[in-house]
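Student: need coordinates for the below:
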Amino acid sequence: MAEPASISIVIPAMNEAATIGEVVTRLRAAAPWREILVIDDGSADATGHRARDAGATVVRHPYNKGNGAAVKTGIRNATGDFILIVDADGQHPPEDALRLVARLGEFDLVVGARAAATQATAGRRAGNALLNKLAGYLTGRPIPDLTSGFRGARTAYLREFIHLLPNGFSAPTTTTLAFIRAGYNVTFEPIEARQRVGNSHIRFARDGAKFFLILLKIITIFSPLRIFVPASVVSLLAGVLYGLWTVTESGRIANGAVILIMFAVIVFLVGLVSEQISSLRFEGPANH
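Tutor: Okay, here's the model as predicted:
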C-alpha cells in the first residue's frame, strides 16, 4: 500500500471555480498528501485563486491546451512516487481517493471504474460501452471503464508513456492501454461518481469525430493485428469462395474474386507494418 505522503494529487481544471476550493479542502482533510497540484488550464474565472486559497499548489497554463495537456503538466511537476489524478468537478469523494491509494504499490495503475448509471447521458454511456468492449477485445481482458479520469499510478511509469498522451480528452484511454500493453499491474476499483457541478466540457455531437479518431488510435497504436488479421481473413475467404463459385458457373475466376484476395493480402501487410510501428512507439523511451 502506498502511503499518502508519497502521493502527488494532480487536478486538471478549467473554469471550475464553483467546485475547486471544496475539492482541495476535502482532499487535504482526508490525508497528509505529499502535495496537491491544481493545473489551471487557461481558466477565465477564479479557478486558480480559489485552489491556491484552499491550499493547493497551482500551475497555470497561459491558454487552454486541453485536459490531457494539463495532466501531462501535472505529471512533469509531481514530486511523489505515485500520482493520483482527480477531477475538479466534485464527482469523486475523498474516501474513494483513499480506496484507490490503498491499492497502489500492489498495482502500478488503479482506475476508478464508474458504474454505468452514474455516467452523464445515454449517448455517453453507449459510447463508453463501445470503447470498453473494443479495449477488452484488443487487450484480452475485461475493461469496465476505459475513459475514467480518476486514477492513480506510479509516477515513473506515467512519465515513460508521456510522449503517447494526447492533449485532449483521450489521455485516460491511452494511459490504461499503455500500462496493460507494457505488462504493468492494472486493476479497476468500483466507484460511484457523483453528479458533477456545472456543465461538462465534452459535447457528444461536437466530439463525435474525436470519438471515432480515438477508436482508430486505439486500434492502430495498441494492437493492430487483432483488427487487421480478421479483416484480412474475411476478405480472403470471400474472395476464394466467390472465385470457386464463378469457376463452377462460368469456368473462369471473376475479377471481383481476384480483387478481394488482393485486398486481403494488402490489409494483412498493412497490419504487419502497423504492428511494427506500434512496437517502435513503445520501445522509444527505453533509448533515453
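Student: residues contacting Ala30?
Tutor: Residues near Ala30 by Cβ atoms under 8 Å, 6 or more residues apart in numbering: Pro94, Glu95, Ala97, Leu98. The way it works is simple: take the backbone N, C-alpha and C, and place the C-beta from them, glycine included.
Student: what's next to the strand or helix carrying Ala113, contact-wise?
Tutor: Assigning secondary structure by DSSP states H and E places Ala113 in strand 109-114. By Cβ under 8 Å, 6+ apart, the residues outside strand 109-114 that reach it are 92, 96, 100-101, 103-104, 144-145, 148, 150-154, 157, 172, 175-176, 179, 184-193.
Student: where along the stretch 101-250 of the chain do the strands fall?
Tutor: Listed in chain order, the strands of the stretch 101-250 of the chain (DSSP state E, counting those that start in this stretch) span 109-114, 151-154, 186-191.
Student: for Gly48, which of those strands is the nearest?
Tutor: Closest of the strands of the stretch 101-250 of the chain to Gly48 is strand 151-154, at 23.4 Å (criterion: Cβ to Cβ).
Student: partners of that closest one, with directions?
Tutor: Strands that pair with strand 151-154, judged by DSSP bridges, come out as strand 82-85 (antiparallel), strand 109-114 (antiparallel).
Student: mean confidence for the strand holding Ala113?
Tutor: Confidence for strand 109-114, expressed as mean pLDDT, is 93.
Student: single out the most deeply packed of the strands paired with strand 151-154.
Tutor: For those, the largest average neighbour count (mean count of other Cβ atoms under 10 Å) is found in strand 82-85, namely a mean of 27.
Student: pull that one out as CSV, backbone CA atoms only.
Tutor: Extracted C-alpha coordinates of strand 82-85, given in CSV (Å, rounded to 0.1, in the frame of the first residue of the first chain):
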residue,chain,number,x,y,z
PHE,A,82,2.8,8.0,-7.1
ILE,A,83,0.3,10.3,-8.8
LEU,A,84,-3.5,10.4,-8.1
ILE,A,85,-5.4,12.2,-10.8
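Student: so who does Arg28 touch?
Tutor: Here Arg28 is in contact with Ile36, Ala54, Gly55 (Cβ under 8 Å, 6+ apart).
Student: sketch out the low-pLDDT regions of the stretch 1-150 of the chain for me.
Tutor: For the stretch 1-150 of the chain, the stretches flagged by pLDDT under 70 are 116-124.
Student: okay, now the domains of the chain?
Tutor: According to automatic domain parsing, the chain comprises the domains 4-222, 225-287.
Student: that concludes my questions; thank you for your assistance.
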